[in-house]
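A.B. asks: here is a sequence together with a model predicted from it:
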Amino acid sequence: TGILTNLFCAWSIGLLTAVEGTVSAPSMWLYIESLGGTKHYYGLCVSAFAIGRFSMMGMYGIWVDRRPYKEVFVVTLVVAMFSGLLYAAAPTVGLWSIAAARLLLGMTSAQSVAAQAFVATNTPNAQRT
């Protein structure tokens, strides 16, 4: 069951990232504009995701080498869910939360490094292609 839990967490993070990419990313400009943001701020929010993902890829590799996969996946899943709430809270807390949420979601999407390592570790040599 430990393997299934880890796979479920990794899949859930991938799902949250995919939902974000198909729902919030296309409508982000309208969301930012409705809150008084500029095109410059929109560009910052778009790039925050890529910066977060790029900056954390190596960290996930180090993390999974030293700690259990479950810890990595559960923490990442909780942070990914929080980033969605932070994004939705922008009308209440301010525009900064959109960029922060995008940065956090980018950071959590880098967990694909850990997911790939998990699959490689838990696949018998005979089943590898």
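C.D. replies: Sure thing, it's come through. Numbering: from 1, shown residues only.
A.B. asks: pLDDT below threshold where in the chain?
C.D. replies: Counting by pLDDT under 70, the chain contains low-confidence ranges at 1, 21, 128-129.
A.B. asks: show me the helices in it, by range?
C.D. replies: Assignment of helices within the chain using DSSP state H yields the ranges 2-19, 25-34, 39-66, 69-88, 90-93, 96-109, 112-122.
A.B. asks: and the fourth one, how far out from the chain middle?
C.D. replies: Right, helix 69-88. When distances are taken as CA atoms, centre = their mean, to the nearest Å, helix 69-88 is centred 7 Å away from the chain's centroid.
A.B. asks: follow-up on the earlier one: of all the helices of the chain, which gets the most neighbours per residue?
C.D. replies: For the helices of the chain, ranked by mean neighbour count under the definition mean count of other CB atoms under 10 Å, the leader is helix 96-109 at a mean of 22. For every residue, glycine as well, the C-beta is placed using N, CA and C.
A.B. asks: what does that one contact?
C.D. replies: If you take CB atoms under 8 Å, 6 or more residues apart in numbering as the criterion, helix 96-109 is touched by 13, 16-17, 20, 28, 31-32, 35, 37, 41, 44-46, 48-56, 76-77, 79-80, 82-84, 86-87, 89-90.
A.B. asks: what's the angle from that helix to helix 25-34?
C.D. replies: Interaxial angle of helix 96-109 relative to helix 25-34 (axes from the mean of the first three to the mean of the last three CA atoms, to 10 degrees): 160 degrees.
A.B. asks: convert the C-alpha atoms of helix 96-109 to CSV, please.
C.D. replies: Listed next in CSV are the C-alpha coordinates belonging to helix 96-109 (Å, rounded to 0.1, in the frame of the first residue of the first chain):
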residue,chain,number,x,y,z
TRP,A,96,0.9,39.4,-4.8
SER,A,97,-0.9,36.1,-4.1
ILE,A,98,-1.2,35.2,-7.8
ALA,A,99,2.6,35.4,-8.3
ALA,A,100,3.2,33.6,-5.1
ALA,A,101,0.8,30.9,-6.0
ARG,A,102,2.3,30.4,-9.4
LEU,A,103,5.8,30.2,-7.9
LEU,A,104,4.6,27.6,-5.4
LEU,A,105,2.8,25.6,-8.0
GLY,A,106,5.9,25.6,-10.2
MET,A,107,8.0,24.5,-7.3
THR,A,108,5.6,21.6,-6.6
SER,A,109,5.4,20.6,-10.3
